[in-house]
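J.: Show me the folded form of this:
(one chain, ligands or ions: 1)
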Amino acid sequence: MSQEHRSKSGFETRAIHAGYEPDPTTGAVIPPIYATSTYKQDGVGGLRGGYEYSRSANPTRTALEGALAAVEEGERGFAFASGLAAEDTLLRALCRPGDHAVIPDDAYGGTFRLFDKVAVPWGLNHSPAPVDDVDAVRAAIRPGETKLVWVETPTNPLLTIGDIEALAGVAHEAGALLVVDNTFASPYLQQPLTLGADVVVHSTTKYVGGHSDVVGGALVVRDHEVAEKVGFHQNAMGAVPGPFDAFLTHRGLKTLAVRMDRHCDNAERVADFLTSHPAVGEVIYPGFETHPGHEVAQRQMKRFGGMVSFRCTGGEDAALRVCERTEVFTLGESLGGVESLIEHPGRMTHASVAGTDLEVPADLVRLSVGIETVDDLIADLDQALG
Ligand SMILES: *Cc1c(COP(=O)(O)O)cnc(C)c1O
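T.: Prediction:
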């Protein structure tokens, strides 16, 4: 699809068509899996379409990267072997030892570990700040040293909402870039680059891939200069996905819009059901008017997503029991697949932050609401809570 056509078409059209024209030799409608490491050159340096070696570029990956850029409305997209590989590449592309970053005080555990255990020894320092408090983020910035303000919205597992537009203003005032981890919302619900962010990060393992069958990551950038740096480091560091992974991720992206709408429909129904259940205390869902970030979420998100967290009135034991008793919801980490998942953050995804400021309540349960029949999901939770 041409650049011009792409910028005028709707989200679903871009998700399905951008980044790839039917193959000129065979007419293949879907990008073939180019399982090749190298490419024949027509004379020394005579590359066909720029392809030289598959760490540098592979046509299956190129198609995915074009589609990712189009759905996030960015200048360029880059695919990686995992979300954390994308993050590591970004940090080393944009920061140098001695620099500083502001990170969410409830960042995804793996992101926190990357900053704390890998970036710190390398010389990049960080300060945590709550993403829903713009003044606290501003106060955490060290003028001249802070190169990145990193946010997630909604956060995991407490679904806190950060105001992307306001945070972009704060970052830019200080000469820093705003990085938004858009994994929880997905590009269908929220496009941070259009709100002033400079870089979008994805774990495409989650909603973009959408079927729990592939691990991957992505960066999408707004600016040409940042794109050049990220592109250089993608090749120089080499944490790229293989063509099979790129194919699966791209296949997932094409149905993102319809899946997300069903995830949201089901999450809304499940959240309403939980609110009325006597064994459930607080239900955390940005779609509720009582959620402190509701107004901001309504402004910057199309809908409120498929993640729901809740607290059990019976404490930690009750929370653990619910996680063990569900039959349709599968007990497991990760999120964003078509199947519903349930987990206990305190003992599972967030066990590594126990005893720190990032500790989560022990009575908390997190749901990744899938796209099964919603009545079955509600009946399952009802019996498990019973
Ligand atoms: C899973 C996740 C990551 C890390 O991605 P991987 O693909 O597991 O490396 C980063 N951020 C968020 C919000 C995530 O949920």
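
J.: what's the burial count for the residue of the stretch 151-300 of the chain found nearest the ligand?
T.: The minimum distance from the stretch 151-300 of the chain to the ligand, using C-beta to the nearest ligand atom, falls at Ser203 (3.0 Å). Heads up, the C-betas are built off the backbone N, CA and C, glycines and all. Residues within reach of Ser203, counting by other C-beta atoms under 10 Å, total 29.

J.: and it, bridged to which residues?
T.: Gly217 (DSSP bridges).

J.: Surely it touches Ala81?
T.: No - contact criterion C-beta atoms under 8 Å: Ser203 and Ala81 do not qualify, at 11.3 Å.

J.: list the residues that contact both of the two?
T.: 216-217 (C-beta atoms under 8 Å, 6 or more residues apart in numbering).

J.: hey, where'd the strands end up in the stretch 101-250 of the chain?
T.: For the stretch 101-250 of the chain, the strands defined by DSSP state E, counting those that start in this stretch cover 125-129, 146-152, 177-181, 199-203, 217-221.

J.: Which secondary structure elements does the third one sit against?
T.: Counting by 3 or more C-beta pairs under 8 Å, 6 or more residues apart in numbering; DSSP states H and E, the packing neighbours recorded for strand 177-181 are strand 146-152, helix 164-173, strand 199-203.

J.: residues making contact with that strand?
T.: 90, 94, 108, 111, 147-153, 164, 167-168, 171-172, 192, 196-203, 226.

J.: how much space is there between Gly346 and Val353?
T.: Using C-beta to C-beta, to the nearest Å, one gets 9 Å for the distance from Gly346 to Val353.

J.: correction: Thr290
T.: As for Thr290, its distance to Val353 is 26 Å (criterion: C-beta to C-beta).

J.: Of these two, which one has the most company?
T.: More crowded of Thr290 and Val353, by other C-beta under 10 Å: Val353, with 18 against 10.

J.: My guess is the more buried one contacts Val360. True?
T.: Yes - checked against C-beta under 8 Å, the pair Val353 and Val360 is within contact range at 7.5 Å.

J.: Please give me every residue in contact with the residue of the stretch 51-200 of the chain found nearest the ligand.
T.: The stretch 51-200 of the chain approaches the ligand most closely through Gly83 (2.3 Å), counting by C-beta to the nearest ligand atom. Going by C-beta under 8 Å, 6+ apart, Gly83 touches 110, 183, 201-205, 216-218.

J.: what's the pLDDT at it?
T.: Model confidence at Gly83, given as pLDDT, is 98.

J.: Ok, the one 4 residues further on next?
T.: With respect to pLDDT, Glu87 scores 98.

J.: Give me the buried positions along the one helix or strand it maps to.
T.: Secondary structure assignment for Glu87, by DSSP states H and E: helix 83-94. Buried residues in helix 83-94, defined by neighbour count with 16 or more other C-beta atoms under 10 Å: 83-94.

J.: Point out the residues in the stretch 201-350 of the chain that sit beside the ligand.
T.: Within the stretch 201-350 of the chain, the positions lying close to the ligand (C-beta under 6 Å from any ligand atom) are 203, 205-206, 215, 217.

J.: neighbour-wise, which of those residues leads?
T.: These, ranked by neighbours (other C-beta under 10 Å): first place Ser203, 29 neighbours.

J.: who's in contact with that one?
T.: Contacts of Ser203 by C-beta under 8 Å, 6+ apart are 82-84, 86, 181, 183, 216-217.

J.: now Gln383
T.: 325, 327.

J.: Just the pLDDT for it.
T.: 98.

J.: ok so, going back, mutual contacts of Gly346 and Val353, please.
T.: The contact sets of Gly346 and Val353 overlap at 359-360 (C-beta under 8 Å, 6+ apart).

J.: What's the local residue count around Pro143?
T.: Neighbour tally, Pro143, other C-beta under 10 Å: 10.

J.: so it touches Ala174, yeah?
T.: Yes - using C-beta under 8 Å, Pro143 makes contact with Ala174 at a distance of 5.8 Å.

J.: buried ones in the helix or strand that contains Arg269?
T.: Per DSSP H and E, Arg269 falls inside helix 256-275. Neighbour-count burial for helix 256-275 flags 256-257, 259-264, 266-268, 270-271, 273-274 (criterion: 16+ other C-beta under 10 Å).
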